[in-house]
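Chemist: I would like the atomic coordinates for the input below:
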Amino acid sequence: MSDRCGWVGMDPIYEAYHDTEWGVPEYDSRALWEKLILDGFQAGLSWITILKKRDNFRAAFQGFDPNILATWGEAEVTHLLQDAGIIRHRGKIEATLSNARVWQEIEAETGFDTYLWTYMGGTPLQNQWRTLEEVPTETEISRAISKDLKKRGFKFCGPTIVYAFMQAVGMVNDHLVTCPCHEKVAKLGDRR
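Modeler: I've put the predicted structure just below:
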């Protein structure tokens, strides 16, 4: 696909991710949580590193089932720190387990999906960027979500991480208007 967003480059893994996942609106609570956790693991690293390890993460973290992970403790952290297939960062691993408990609270209150999509009025924001330089790294909405998540005890959820997450799960359509995926993703945003 020519004219992809410039950040994709020539890596087949990135191309597939860009063309089929990035920016596609996601409304499943567990899938949203998984993507937010992976964006937290990406902090300080490249996204391609996470994509290449995503299947390993899913296996190590029991399919990112927050109800399972909320019960884990030090023994599981120690085990995960030995797993070369994931990012072995104690703080991020521990945050994943405590974030699972926060997810449970939000899920019980309103549903994690409803909680997040309420910030968008239930509809993806259709941006009209022509260049990568125009695309922000954080916004007022990502700052508000980050602030509330932190208040609830969520970790590794700064406004830049949250905005990258919002892009990934289609809360915002940040495909450049010159990218063939822009229109495709925009149409998906009309179908909730």
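
Chemist: all contacts plus neighbour counts: C-alpha atoms, from now on.
Modeler: Fine.

Chemist: Just the strands from the chain, written as ranges.
Modeler: Remark: strands assigned in the chain by DSSP state E are 125-126, 172-173.

Chemist: closest one to K52 among the ones you listed?
Modeler: Comparing these by their distance to K52 (CA to CA), the top pick is strand 172-173, with 23.6 Å.

Chemist: And the residue of the chain positioned farthest from its centre, how far from V172?
Modeler: For the chain, the residue at maximal distance from the C-alpha centroid (CA atoms, centre = their mean) is A75, at 26.5 Å. Taking CA to CA, to the nearest Å as the criterion, A75 is separated from V172 by 38 Å.

Chemist: for D65, same thing?
Modeler: Here D65 is placed at a distance of 25 Å from V172 (CA to CA).

Chemist: Between those two, point out the one with more neighbours.
Modeler: Each of D65 and V172 has its neighbours counted (other CA atoms under 10 Å); V172 has more, 24 against 15.

Chemist: Cross-check the contact I'm expecting between that one and Q126.
Modeler: Yes: shown here, V172 and Q126 form a contact pair, counting by CA atoms under 8 Å, at 6.0 Å.

Chemist: Among the strands of the chain, show me which one is buried the most.
Modeler: Of all the strands of the chain, strand 172-173 carries the top mean neighbour count, a mean of 26, counting by mean count of other CA atoms under 10 Å.

Chemist: Which elements pack onto that strand?
Modeler: strand 125-126, helix 180-189 (3 or more CA pairs under 8 Å, 6 or more residues apart in numbering; DSSP states H and E).

Chemist: how about those in TSV, adding distance to Y119?
Modeler: Listed next are the helices and strands packed on strand 172-173 as TSV, based on distance: least, CA to CA, whole Å:
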stretch	distance to Y119
strand 125-126	11
helix 180-189	15
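
Chemist: Among the ones you listed, which comes closest to R152?
Modeler: R152 lies closest, by CA to CA, to one member of these: strand 125-126, at 25.2 Å.

Chemist: Sheet partners, orientation included, of that closest one?
Modeler: strand 172-173 (parallel) (DSSP bridges).

Chemist: got the contact list for the strand it pairs with?
Modeler: G23, P124, L125, Q126, N127, M166, Q167, H182, V185, A186 (CA atoms under 8 Å, 6 or more residues apart in numbering).
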